[in-house]
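> sequence-free structure coming up:
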Ligand SMILES: NC(=O)C1=CN([C@@H]2O[C@H](COP(=O)(O)OP(=O)(O)OC[C@H]3O[C@@H](n4cnc5c(N)ncnc54)[C@H](OP(=O)(O)O)[C@@H]3O)[C@@H](O)[C@H]2O)C=CC1
Ligand SMILES: CC(=O)C(=O)O
Ligand SMILES: [Mg+2]
């Protein structure tokens, strides 16, 4: 990043007030009567109602539209284990995206936990305050047990965004990229660099979407994950192929797809040259991708290239998923975000990229045209149609799969975040 950009980023976070989020009041507070309703004595009435029936917390408090973004700072973007406090700008950032794109209120929580069990216990004790839990930037393999235990303990959706948000967006983008390359997911040979939270979930969802296990070669720091290794955890073992490939070069030779969910600058031009014609490269590590788009395009003119960043074409980033997925889940009060809801989100996102792009998106990106192509495989995060389309697909899948506790919302499809409370007239 240039020095100018670094300063701009620090100033953005520091000025004119520190941080990116604040709290707003949603009820009148001008008069003595207002205060008597908002606090003592009026507040006692909803307290009594909720004590009698906990579900009325959704009626009398902000719980139903409130997600907690929670991290231990053990895998902050691709920057590594920098601790809970250092993860706060990212967690505030996720809260900003929840509000900006889907009208979801959220609060961030950075937990200094001495063990996964301590983390689980802490989250379980506060979970009832929220309508959903978005786990973020928690490293593998601990993240898998943490998420499993919390899903079991909590009565609200618990969703590890680096796993499932990333997987949904990656699958949608890859289906589109492969179709532009004239290839099919079923036949594609996929190399996944990284075997952590994002990588394991992405490959699992690709398999659910049609990729073949024997065509997937996953690598960690020690090389290809294969059946001869005795140092694999249970999650990596799921992707242990019976193969004689050992190095990244072995895996990349003739590969159709490279998915990077690892760290910066790990894909070299010589390695990109080894891939099959029309290679798809998703260099998703943040903030610095496994290969820069500039270098990739200089190396090959037939590459279909994406990164996790906002400042290049084709952003494969969970920002295209988590705000809208939670919107749909919250609006039908889903008890979980299940596989059916994830697959529905994949197809909604994939299909939206093939629709004509609204004028306001062109203006935001200062472009005259934008259409489904090698440089546009996924909608832009500012596309207002994402809210209506993804939330509707997720809500419908929740209803159809039996995890919704409310019917499909009468006020759907949403056109903007101003509509998220539906008809609020008394
Ligand atoms: N674009 C997006 O939307 C998203 C991008 N990401 C990116 O994915 C990356 C991983 O995040 P996450 O899964 O949460 O983190 P984890 O800590 O769970 O996993 C990191 C994985 O990367 C592997 N890795 C790190 N360095 C290397 C290397 N030099 N060679 C091979 N493998 C390596 C690790 O290998 P080992 O197992 O051997 O330690 C590990 O498997 C980050 O860069 C993050 O920014 C994550 C989520 C969303
Ligand atoms: C985008 C994101 O969640 C990550 O890089 O961790
Ligand atoms: Mg993350």
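Thanks, I have the structure now. Remember, predicted model here, so these are calculated numbers, not experimental data. Ligands and ions are numbered 1, 2, ... in the order given.
> And residue 365, what's its pLDDT?
As predicted, residue 365 sits at a pLDDT of 89.
> I'd say it and residue 380 touch.
Yes: Residue 365 is within contact range of residue 380, at 6.5 Å (criterion: CB atoms under 8 Å). Every C-beta, even on glycine, is put in place using the N, C-alpha and C of the backbone.
> For the closest residue to residue 87 other than its chain neighbours, give its distance to residue 144.
In space, and not counting its chain neighbours, residue 87 is closest to residue 73: 3.6 Å by CB to CB, 6 or more residues apart in numbering. Using CB to CB, to the nearest Å, residue 73 is found at 18 Å from residue 144.
> which one of those two has more residues nearby?
residue 73 (24 against 20; other CB atoms under 10 Å).
> ok, the more buried one - contacts?
Going by CB atoms under 8 Å, 6 or more residues apart in numbering, residue 73 touches 81, 82, 83, 84, 85, 86, 87, 110, 137.
> Which elements pack onto the lowest-mean-pLDDT helix or strand in the chain?
Ranked by mean pLDDT, DSSP states H and E, the weakest helix or strand in the chain is helix 359-364, scoring a mean of 93. Using 3 or more CB pairs under 8 Å, 6 or more residues apart in numbering; DSSP states H and E, no helix or strand is in contact with helix 359-364.
> Can you name the residue of the protein nearest ligand 2?
Nearest to ligand 2, among the residues of the chain, is residue 286, at 3.6 Å (CB to the nearest ligand atom).
> Contacts only, for that residue.
Neighbours of residue 286 in contact, by CB under 8 Å, 6+ apart: 77, 78, 308, 309, 317.
> let's see it at 7 Å
When contacts are counted by CB atoms under 7 Å, 6 or more residues apart in numbering, residue 286 touches 77, 78, 308, 309.
> The last one - how many residues pack around it?
Neighbours of residue 309 under the rule other CB under 10 Å: 19.
> cool, and the first one?
Number of residues near residue 77 (other CB under 10 Å) recorded here: 17.
> same thing with the second one?
By the other CB under 10 Å criterion, the neighbourhood of residue 78 contains 21 residues.
> Give me the three-state assignment for it.
coil (DSSP: H, G, I helix; E, B strand; the rest coil).
> That one: what's it in contact with?
263, 264, 285, 286, 288.
> Adding distance to ligand 1 and secondary structure as columns, could you present the residues you listed in TSV?
Conversion of these to TSV gives the following (distance: CB to the nearest ligand atom, whole Å; DSSP: H, G, I helix; E, B strand; the rest coil):
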residue	distance to ligand 1	secondary structure
263	4	coil
264	8	coil
285	3	coil
286	4	coil
288	8	coil
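> Residues of the stretch 1-150 of the chain that sit close to ligand 1?
Residues of the stretch 1-150 of the chain lying near ligand 1 by CB under 6 Å from any ligand atom: 75, 77, 78, 139, 140.
> still on that earlier bit, which residues does the least confident helix or strand of the chain contact?
With CB under 7 Å, 6+ apart, helix 359-364 has contacts from 368, 370, 380, 382, 383, 384.
> right, and out of these, which lies closest to residue 422?
Residue 422 has its nearest neighbour among these in residue 384, at 17.6 Å by CB to CB.
> what about residue 89, how many neighbours?
Residue 89 has 14 neighbouring residues, counting by other CB under 10 Å.
> about what we covered before: just the buried ones from the contacts of residue 73?
For those, a burial check counting by 16 or more other CB atoms under 10 Å picks out 84, 86, 87, 110, 137.
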